[in-house]
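Engineer: Turn this into a structure:
(chains A and B)
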Amino acid sequence: MRLLKLVPDNTNLGFVSLRFWAFGLTALLTILATAMVLTRGLNLGVDFVGGLMIEAKFQQPPHLDQVRQKIDALHAGDALLQQFGGKDTVSIRLPLPKSTDEGASNQLIKQVTATLQQSYPGVTISRADTVSGKVSDELILRGIGAVFAAVFGIALWGIFRFEWQFGVCTFVAVMHDVLMTLGFFALTRLEFDLNIVAAVLTIIGYSINDKIVIDDRIRENLRKYRQMDIRTLIDLSVNETLPRTIMTSLTILLALAALLLFGGHVLRGFTAAMMLGIVVGTYSSIYVSSSLLITLGLGRNRSDVRAEPQKAERIGRPTP
Amino acid sequence: MLDFPRWKVLSIWGLILFGILLSIPSFFPQSMTDRWPMHVPRINLGLDLAGGSHLLFEADTDDVAKQRLETMDETIVAEMGRAVPKIGIGDISRQAGKLSFMVRDPSQLDAAVEKVRTLTQPAGMTGQRDWNVAVVDSNRIELTPTQDGIRLAVSDAMKTAVEVVRKRIDALGTREPTIVSEGTNRIVVQVPGLQDPQALKELIGKTAKLEFKLVNTNVNVTGVPGQVPPGAKVDIPIGSQLLPNEDGQGGTAVYRRAIITGDQLTDAQQSYTQDNQPDVNIKFNSVGGKKFAKVTQENVGKPFAIILDGKVLSAPNIQEPILGGSAQITGSYTVDTANQLAIALRSGKLPIKLKVIEERTVGPQLGADSIRAGVIASVIATVAVIVFMLVTYGRFGVYANLAVVINIFVIVGVMGLLNATLTLPGIAGFVLTIGTAVDANVLINERIREERRRGRNVSQSVELGYKEASRTIFEANATHTIAGLIMLILGSGPIKGFAVVLLLGIATSVFTAVLFTRMMVALWLRRTRPRAINI
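Structural biologist: Numbering: from 1, shown residues only, chains lettered A, B, ... in the order given. Just a heads-up that it's a prediction; the model follows:
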C-alpha cells in the first residue's frame, strides 16, 4: 500500500528569507486585530458583564423583532437577542432585576417564559443563567489572570529548558495567537464567555507545544551541525519538522471539525475559536517564533555544543 | 529496543485491561449502575449535561462582624452585672465597628479590664486574641475586633452554615445535592434535575433566627402597649429595643434579653390553626420549656413578641402559663410558606446571611442534546483520525489507532475511578485529546521516516525514532501540563472541567502513545524481522 505523504520528503523551503515579509504581514494583522478588539469590543456574555441569560427553544424559527417586542413589553431593561446555533434557538440577555428580593430573577424568568409561551406555544427554556456583577468582575479577572499565567509560565519553561531567546520568541508568537483569536471574536461578534477562555488557554497550550517541537529540533541541530550558518540551520529544522507540524495540525483540525459540525450549538463558539487558534498557531510556529530567533541573535551556547563532528547525513540537502 | 521482557508486556496489558474495566460502568446510565450488586466508580455528569441548578451563595461577612459586636455587647453587660462587687458601666457605643463603654467608678477600671480580657479568646497562630482591649480617655474601655478574630468567626460561621444548608436542602427531598464551601465565604449548591430554584433560594435566604422576647409595655404611644406607629419618635429605655413589625406597619418595643431562642427548639412542623389556617407548631427542649413556663407564669396578661430574623411576627398576650414547652407561630402563611418556615426552623438558624450571586439552570433536554452531540462528535472525530493515521502510516498507523482507542477507555476509566465530573467543555477536552494523543505518534513516525531516509536500517530507525521523539514529547507534554495546571488552579467552572480531562489525557496518552505502541512495534519487529518497512 502506498502511504499518504502530505509533505514531500526533504522539503527545502526558505522560510527564513521570507521572514521580513512574514513579520510585516504578522504585525499588520496583529495591529488590525488589536484595533478591532479596541474599537468594536468583544460581545461579552453574562459570565463577564453580569445579568440574566435565557436560552429559549422555539418550535419554529421566530422573528427576532417580534420576540424583542414581546420582551420589551415587560419593561425589564434593554434586552439583547441573538440566534444561537440553530435558527429556532434564541438567547435573550437582560440586565439583573433591580429588586434585591431573592426570587426576583426567577420571577423575571417566569415572566419571560409566560410571555413567550403565550405567543409561541411549545417554546421551552433550555437554559437560564443569572450572574451578579460581583461574580462577573471576578470571572473576568480570573480569566485574564489565567491567560497571562499560562503564557508567562510556559515562556519561563522555555527559558529554563532552552535559552532566553526561545522563551521570548514563544512569548511573542503566543501573544500574537491570543490577539488574533480575540480579533476574530471582535470581528464575528460571537459571544465571548467562560468556555472561550478555556479555548484560548488550549490554543496557548497547543501553540506552545508546536513551537517547542521546532525549538527542540533547532537545539538538536545546533549540537549536530556546529559549523552551519544559523539561518540555514533554522530553515533546516523547520523543514525537517514540517511533515509533523502539518500532520498534527490537520489531525486536530479534523477532530475539531467533527466537534464543530456535530458537537451541538453550545460548543460551537468554543470549537470555532480553537480551529482558528490551531491555524494561527501553526503559522506563527513556522514564520514567527523560529525566524524571530535570528533577529534576537541566537548564539551557540558553549556549554551546549558537544564536540561532535558535523554529519552530512541528510540526503539531498543542498549546501548552504 | 527489540528487547521487551515478558513481565513488561504483561504489566502493560494488565494496566490497559484494568483501565478498560474501570471505564465500563460509565458507559451505562446511572440508573442502571445504581442497581448493580456492588458499588462501581463512575463518571459524574456535570449539571450542563445532566440538567439542574447551580447556585453560588455568598455570606455577608460584615454581618458576622456586626453580630459579634452585638453578642460581645450583651455578654459584657451581663458579666459586669454579675461581677462581685458589681461594676457599673454606661454609655455603650458600637461606633465604627468598635465596642466601647465607660466605667462609672474609676477605681473599678482595672477590675473591669481584667474581666473583659477573660472574655476574649486566642485566635490564629500568632498568639493574637480575637479582640484588642485598650483603655481610652482614662475611664473608657475600648474593644477592637482583630483581623484574625473576624477570620475565625467567619470560618466558624461558614462551617455551621454549610451544615444548615445541607439540612434544609435534604428536607426539601431533592436528589443528590452537592454542597461545598468555596473560598472563605462562599457556598456552591448544585442540585441535579431541579428546574425552578426559587423555593430553594428562598429557603436558604432565610436566616431563621427565632426569638421570643417580652414586650416593654412601658412604651405606650398608641394605646396598644409596646406598639409604635411608623415614623413616631419614641424614647426607648435602655435594655429595650425597637423592632420592625413583619407587616411593615410600625414596630414593637421589646426587652433586649430573649426569653427563649430557636437554639432550644427540638421540632417544628407545619400544622393548622382552629380556623384551618396553616401555621407552624414548635416544640422546645426541656431547659427551654422550663424557662418558657417560668417566664409565662410570671407575666400572665402581658404580651410577648415572636421575632423571626429581626422582625416581629406577632405579639400575643400571655393568657395563661405555657407549660407544655410548645408554641404556635401564626401569620399569613400558605401551606408551602409555613412548611418552608418549619424546615428552616428545624434545621437551625444560619449563623450568617447568605445571598445568591450566581445562578445557572440547564434544562434536561439541552443536557441530553449536548450528551448526544458530544458522543456523536467524539465518534466521528475518532473515526476521522483513525482513517487519517491509517492512510498515512500504514501498520504504524494501526498501532497508533489502537493506542488512541485504548486511550479513550483509559481516560474514562481513570475519570470514573476519581469520580470526576464530566462537563460539556470536558467533552471538548476529550475530542481535543483524541487529536493531540496522536501527536506523539506523529512525532515518532515522522522521525522513523526521517531516519530511514538517512539510510539507517529498520531496527536502528525505529529505535532512534522513539528515542529522539521521546525527548520532544516530554517537552511538549510538560508545557501542556503547565497550561492545564494553570487552568485547574485559576480557572472556574467550565474551565476546570476542561482542565481535568486535558491533564488526564496528557498522562494517559504518554502511556498509550509511547509505551504501548513501542511494545507493539518491538514485538512485531522481533517476530518478523523485516528488512524494509512501509512508513
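Engineer: Can you point out the helix or strand that includes residue 38?
Structural biologist: Picking chain A for this. Per DSSP states H and E, A:Leu38 falls inside helix A:19-40.
Engineer: Just the buried positions in that helix, please.
Structural biologist: A:19, A:22, A:26, A:29-30, A:33, A:36-37 (16 or more other C-beta atoms under 10 Å in any protein chain shown). (C-beta placed from N, C-alpha, C; glycine too.)
Engineer: Let me know the pLDDT of A:Glu102.
Structural biologist: On the pLDDT scale, A:Glu102 is placed at 67.
Engineer: Quick check on the residue of the stretch 251-400 of chain B found nearest chain A: phi, psi?
Structural biologist: In the stretch 251-400 of chain B, the residue that lies nearest chain A is B:Ala373 (3.2 Å; C-beta to the nearest C-beta). Torsion angles at B:Ala373 (phi, psi; degrees, to the nearest 10) stand at phi -60, psi -40.
Engineer: And for the closest residue to it other than its chain neighbours, the neighbour number?
Structural biologist: Closest residue in space to B:Ala373, ignoring its immediate chain neighbours: A:Gly264 at 3.2 Å, by C-beta to C-beta, 6 or more residues apart in numbering or on different chains. For A:Gly264, the neighbour count with other C-beta atoms under 10 Å in any protein chain shown is 21.
Engineer: okay, A:Gly264: pLDDT?
Structural biologist: A:Gly264 carries a pLDDT value of 80.
Engineer: Give me the phi and psi angles of it.
Structural biologist: phi 90, psi 160.
Engineer: Look up how far B:Phe498 lies from it.
Structural biologist: 16 Å (C-beta to C-beta, to the nearest Å).
Engineer: tell me the mean pLDDT over the helix holding A:Leu38?
Structural biologist: Here the average pLDDT along helix A:19-40 is 90.
Engineer: elements contacting that helix?
Structural biologist: helix A:164-188, helix A:290-295 (3 or more C-beta pairs under 8 Å, 6 or more residues apart in numbering or on different chains; DSSP states H and E).
Engineer: Any part of stretch A:228-243 near chain B?
Structural biologist: Yes - counting by C-beta under 8 Å from any C-beta of the partner chain, chain B is contacted by stretch A:228-243 at A:240-241, A:243.
Engineer: Helices along the chain, start to end?
Structural biologist: You didn't say which chain, so I picked chain A. Listed in chain order, the helices of chain A (DSSP state H) span A:19-40, A:46-49, A:64-72, A:104-119, A:133-161, A:164-188, A:194-224, A:230-262, A:268-283, A:290-295.
Engineer: Correction: the question concerned chain B.
Structural biologist: B:6-23, B:30-33, B:47-50, B:61-82, B:109-119, B:147-171, B:198-205, B:286-298, B:335-346, B:364-417, B:424-453, B:458-490, B:494-509, B:517-528.
Engineer: Which of these comes out lowest on mean pLDDT?
Structural biologist: Lowest mean pLDDT within these: helix B:30-33, a mean of 78.
Engineer: Contacts only, for residue 169.
Structural biologist: As the question left the chain open, I've gone with chain A. A:211, A:288-290, A:292-293, A:296 (C-beta atoms under 8 Å, 6 or more residues apart in numbering or on different chains).
Engineer: Chain B is the one I meant
Structural biologist: B:Ile169 touches B:177, B:179, B:189, B:191, B:200, B:203-204, counting by C-beta under 8 Å, 6+ apart.
Engineer: for these, which one is nearest chain A?
Structural biologist: Using C-beta to the nearest C-beta, the contacts of B:Ile169 come closest to chain A at B:Ile204, 8.4 Å.
Engineer: what's the burial count for the closest one?
Structural biologist: With other C-beta under 10 Å as criterion, B:Ile204 counts 28.
Engineer: so it makes contact with B:Leu354?
Structural biologist: Yes - under the criterion of C-beta atoms under 8 Å, B:Ile204 makes contact with B:Leu354 at 5.8 Å.
Engineer: Next, show the common contact partners of those two.
Structural biologist: B:57, B:165.
Engineer: hey, what's the residue most central in space within chain B bridged with?
Structural biologist: Residue closest to the mean C-alpha point of chain B, counted by C-alpha atoms, centre = their mean, is B:Val180 at 2.1 Å. On the basis of DSSP bridges, B:Val180 is bridged to B:Val188.
Engineer: quick one, what contacts it?
Structural biologist: Here B:Val180 is in contact with B:162, B:187-188 (C-beta under 8 Å, 6+ apart).
Engineer: same check, this time on B:Thr479
Structural biologist: B:Thr479 neighbours (C-beta under 8 Å, 6+ apart): A:154, A:157-158, A:205, A:208-209, A:212.
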